[in-house]
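A.B. asks: This is a predicted model, with the sequence first.
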Amino acid sequence: MAPDQDAAFTLPRGATGFFRPEDGPLPVTDLRAFRAALYAAARAAEGHVGEVEEQTHPRTFHTATVIAGAGETVVLCHAHHPWIAFAQERRDWYTEEFLAPPPWAHPFADLGFVVLGRAELTRSLPDVDTSVLSRGEWRQVRLYGITTLGGVLFNAWD
């Protein structure tokens with residue numbers, strides 16, 4: 001797909017979790033920074049951190065929960081880029097099941113992460129600059145029926 005000059009989000013190399021050996025290794029999100037931001041967010045929520053699960057193949061993201069009051073929010077952290085998203089429940093992949101960032105999400109941005117909102121994550125792929133995606137990545141997108149930015153970013157394709 002050709003780059004769209006008006007696209008609000010440009011996918012960088014590694015967004016899907018796939019890489020070509022000739023391009024070198026993918027970047028890695030600092031897990032220590034994610035944990036620091038997570039604990040700061042839990043304090044801001046007047047809650048606590050629940051379970052933290054590091055990314056394992058084929059998932060492209062780490063997951064954690066923040067428990068505040070009577071509720072629990074799932075926090076997703078992309079393994080290769082400093083992107084944060086929120087969901088209601090843990091899953092192996094997401095398509096449109098994202099939440100708007102909670103009021104206590106600001107520590108993630110304060111510590112250098114990009115907090116993605118539901119509107120951005122559910123953006124249709126034609127509205128995203130996907131020019132960096134390889135033929136193999138597009139094959140996975142089509143195979144899994146992915147139609148949203150969030151589906152490309154937070155996946156467990158094999």
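C.D. replies: That came through, no problem. Computed from a prediction, not measured in an experiment: that's the story for all the values here.
A.B. asks: Longest helix in the chain, by number of residues?
C.D. replies: helix 31-44 (DSSP state H).
A.B. asks: and that one, average pLDDT?
C.D. replies: The average pLDDT for helix 31-44 rounds to 98.
A.B. asks: same for that helix, what does it pack against?
C.D. replies: strand 48-53, strand 61-68, strand 71-78, helix 106-110 (3 or more CB pairs under 8 Å, 6 or more residues apart in numbering; DSSP states H and E). The way it works is simple: take the backbone N, C-alpha and C, and place the C-beta from them, glycine included.
A.B. asks: if you set the cut-off to 7 Å instead, what comes out?
C.D. replies: strand 48-53, strand 61-68, helix 106-110 (3 or more CB pairs under 7 Å, 6 or more residues apart in numbering; DSSP states H and E).
A.B. asks: Highest mean neighbour count out of those?
C.D. replies: Across the helices and strands packed on helix 31-44, averaging neighbours per residue (mean count of other CB atoms under 10 Å) puts strand 61-68 on top, at a mean of 21.
A.B. asks: quick one, it and strand 71-78 angle?
C.D. replies: 160 degrees (axes from the mean of the first three to the mean of the last three CA atoms, to 10 degrees).
A.B. asks: Quick one: mean pLDDT over strand 61-68.
C.D. replies: Mean predicted confidence for strand 61-68 is 97.
A.B. asks: how about the helix or strand of the chain with the lowest mean pLDDT as PDB, C-alpha atoms only?
C.D. replies: Ranked by mean pLDDT, DSSP states H and E, the weakest helix or strand in the chain is helix 135-143, scoring a mean of 91. C-alpha atoms of helix 135-143 as PDB (Å, rounded to 0.1, in the frame of the first residue of the first chain):
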ATOM      1  CA  ARG A 135       4.500  -9.000   1.400                       C
ATOM      2  CA  GLY A 136       4.800 -11.600   4.200                       C
ATOM      3  CA  GLU A 137       3.300  -9.200   6.700                       C
ATOM      4  CA  TRP A 138       0.400  -8.400   4.400                       C
ATOM      5  CA  ARG A 139      -0.100 -12.200   3.900                       C
ATOM      6  CA  GLN A 140      -0.600 -12.500   7.700                       C
ATOM      7  CA  VAL A 141      -2.900  -9.500   7.800                       C
ATOM      8  CA  ARG A 142      -5.100 -11.000   5.200                       C
ATOM      9  CA  LEU A 143      -4.900 -14.600   6.600                       C
END
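A.B. asks: Thanks again, I'm all set now.
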